[in-house]
Each structure stands twice: as C-alpha cells, then as structure tokens.
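Enquirer: Predicted model and sequence below, questions to follow.
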Amino acid sequence: MKINRIQIENVRIIQNMVLEPGAGLNFIHGNNGAGKTSVLEAIFLLGQGKSFRHSEAGPLIRKNQELAQVVADLQTNSGRCSKLGIQRRKRQFVARHAGKDVSRRSELMRLLPLQLITPQSHELIERGPELRRRYLDYGLFHVEQSYHQMLLSYYRALKQRNAALRSGDILLARSFNDQLAYFAVDILKSRQGILSRIEKHLAFFVEETAFPVAVTLGLSRGWKSGLSLNEALIRSERQDLSRGFTGDGIHRAQLKILTDGSPADKILSRGQQKLLIYGLVLSLSQLIIENTNEPPLLLIDDLGAELDDENSQKILGYLLNMDMQVFITVLHIHRYELPERVRMFHVKHGSIQNAVVKSSGI
C-alpha cells in the first residue's frame, strides 16, 4: 500500500497541507514545533482512527475547530487506486473508503496497514507484557484473517467470566472455562507460529546491522506448564473469586525478548534497544509483505532519537531494500547521507515550505 496524495486539515497546527509523497523514503524536516510529527499523526489517524500521541481526540484537533480531516489517494501493489478519508471529532469519527462508510477501526487498519516507531518505542522492551502481546497480535491481525475474531471471542468470554467472579457466582464463572480453553488453543498456536517466523527475519536484521549480541524470542503461554487451561482455571477458582478476575490464560502470555539469554532491558543500552526495536518492527513488516503482498506504511518519528549517526545510516540502508513507503521526521536533514530517489518536505509553522526530490544528477 502507498499514498499518492494526502490532504491534511486542522490537525494540531496544520490548517491545510497537501503532500504528494514518493513510493519509497519521504523525509519531513524542520525545527521543533514546526508540525513534522503532526504529519505522521494525520497518517496514523487515517489508518487507525485515533492519535498515537494522546488517548483523547481533543488535542489532535486544531484550536477553535470542530473536527480534523484527512483524505488520501491510495494505491495497492496491484495498482488498484481508491480514496480513503476520515473526519475526527472529539467523541466520534466518520470514515469513508471508495464511497462507502467505514464504521470500525479494524476496517481502517486493514485498508491502510501501518507500522510506527517513535522516541517512546523502547517501551516495547522496557515496559510490561501488554505492549509485547499487542505487537504479536497486530502482526497476526494482518497475517491470519481469522485471528482477530478468535481474539475478540476469547476476550468476550473473559469479560463475562470476570463479571461472574466479581458477582461471586462461581458456577456461572465456571461455565465460561470451556470457551476460554477452546479459543486459547488456536490463539497460542498462532502466536507461537508467528514468533518463529519473526525470529528468522530478526536474525537477518541482526546480521545485516552487525548487532553486537545474539537475540532470541520466547513466549510464555500465560498459565502453569503441564496443565491445560481448563485445569489451570479450576485450580485457581478460589483465588480468582477472591480477587475478582481471571489470573490464568492467554491474556497473561508474555513475549520474552532475550539478548545473550538475558532480558534485553537488563543488558542493552538505550541506543541498542532502539536499534532492536527497528529490527522487531521491520521483521514484522517483512512478514506482512510476504503474507499479503501488501507492504504496510512505516512512520518513523525522529530518526535520530537514541541512535547515533552510524546506526541511523544502517537503518536507512536497510529500508532501501524493503518494498515500503516510509515517512521519516528529522530535525537536521543535512546530518544524513541521503540515498538517491528520496523525497524531502520542509515543514515550517504547519505548512510545506518546499518539496524536493533527490535523485541521481540533482
């Protein structure tokens, strides 16, 4: 998937901006506060229905305006073109694709698959397991068509079981055990399958970027080894009843990111963590390309955050060999040795000052 043209209205300080990005690397540069990240935020809004900077929509919308709007001309790898647009108010969004209403965020995610790397992305390694589960589930959302519905069914049963536990009805809570166990089998199988495939691409990234330590991935399933989930749920009934929620299940699974056999956050510097984040995101992107023949867009906010010049250049070199449209914000464009055939947009006060195509002979 790529964007041929995008119009952004009333997003943060952007009043009205039109970009015609290239199919490969697109650099958005300018001073702090110029609106660079707002361009990425607008693209993310189009593909997710929300901002990546704030949980509420209010701060996204330009001051004294009722709504933000983003409209893009999309083109698939097969050459099919369509128009996708979204209007975002404080408490609702309205989206349309090819003249038809889009009512769910999951529909937007399929229409415009995105990957995002920000200065906060190191939290995937440093924070708790929820972000790492989300990383796997996002990949499976695009790789296995049936996975999203399985996950929704599991969490629906989990919510009902937890409600029964809070009301003190153990018999009602027990009635959901079979559903949880049934969906957990396939969800666990899918997660284990995608993990091994990500690991293969990650090994290639580690070799190509000369990453200093070996990286392995592991997955704990979320309940005690040697038991089926049904058995684990029965054993923990009293404890679940006393605390009012279900303690065992795939909702407690943990993706383990290990370097030289130890947790990555205990071994790696912040810069090494950031480089590994690129490896994880790009490995998942490569897997999506292989399975759908439709590359996701990659949004990189502040390429130089936590990366020295050498590793930044490694990332740029790696991206050149991937069939992806990439939007990259940088503070100082001249800091980087830019490859040929890139597009550069200078942003100032929420407007495009000039757009330049860098190519051989220019």
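Expert: Great, that's in hand. Numbering: from 1, shown residues only.
Enquirer: Which secondary structure state does L255 sit in?
Expert: strand (DSSP: H, G, I helix; E, B strand; the rest coil).
Enquirer: Tell me if I'm right that it and Y135 touch.
Expert: Yes: using C-beta atoms under 8 Å, L255 makes contact with Y135 at a distance of 6.8 Å. The C-beta positions use only the backbone N, C-alpha and C, and glycine is treated the same way.
Enquirer: For those two, work out which one has more neighbours and name it.
Expert: Taking other C-beta atoms under 10 Å, L255 and Y135 do not tie; L255 has more neighbours (20 against 17).
Enquirer: For the stretch 51-200 of the chain, which segments count as strands?
Expert: Assigned by DSSP state E, counting those that start in this stretch, the stretch 51-200 of the chain shows strands spanning 68-75, 81-88, 93-97, 100-102, 114-117.
Enquirer: List the buried residues in the first one.
Expert: Buried residues in strand 68-75, counted by 16 or more other C-beta atoms under 10 Å: 68-72, 74-75.
Enquirer: Just put these in a markdown table and tack on distance to D309 and pLDDT.
Expert: Formatted as a markdown table, those follow (distance: C-beta to C-beta, whole Å; pLDDT from 0 to 100):
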| residue | distance to D309 | pLDDT |
| --- | --- | --- |
| A68 | 35 | 95 |
| Q69 | 38 | 96 |
| V70 | 33 | 97 |
| V71 | 37 | 97 |
| A72 | 32 | 97 |
| L74 | 34 | 97 |
| Q75 | 33 | 96 |
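Enquirer: will you turn those residues into JSON lines that also has distance to H349?
Expert: Output for the buried residues of strand 68-75, formatted as JSON lines (distance: C-beta to C-beta, whole Å):
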{"residue": "A68", "distance to H349": "18"}
{"residue": "Q69", "distance to H349": "20"}
{"residue": "V70", "distance to H349": "19"}
{"residue": "V71", "distance to H349": "22"}
{"residue": "A72", "distance to H349": "23"}
{"residue": "L74", "distance to H349": "28"}
{"residue": "Q75", "distance to H349": "30"}
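Enquirer: of all those residues, which comes closest to V11?
Expert: A68 (4.7 Å; C-beta to C-beta).
Enquirer: residues contacting the closest one?
Expert: 9-11, 42, 45, 57, 60-62, 87-88 (C-beta atoms under 8 Å, 6 or more residues apart in numbering).
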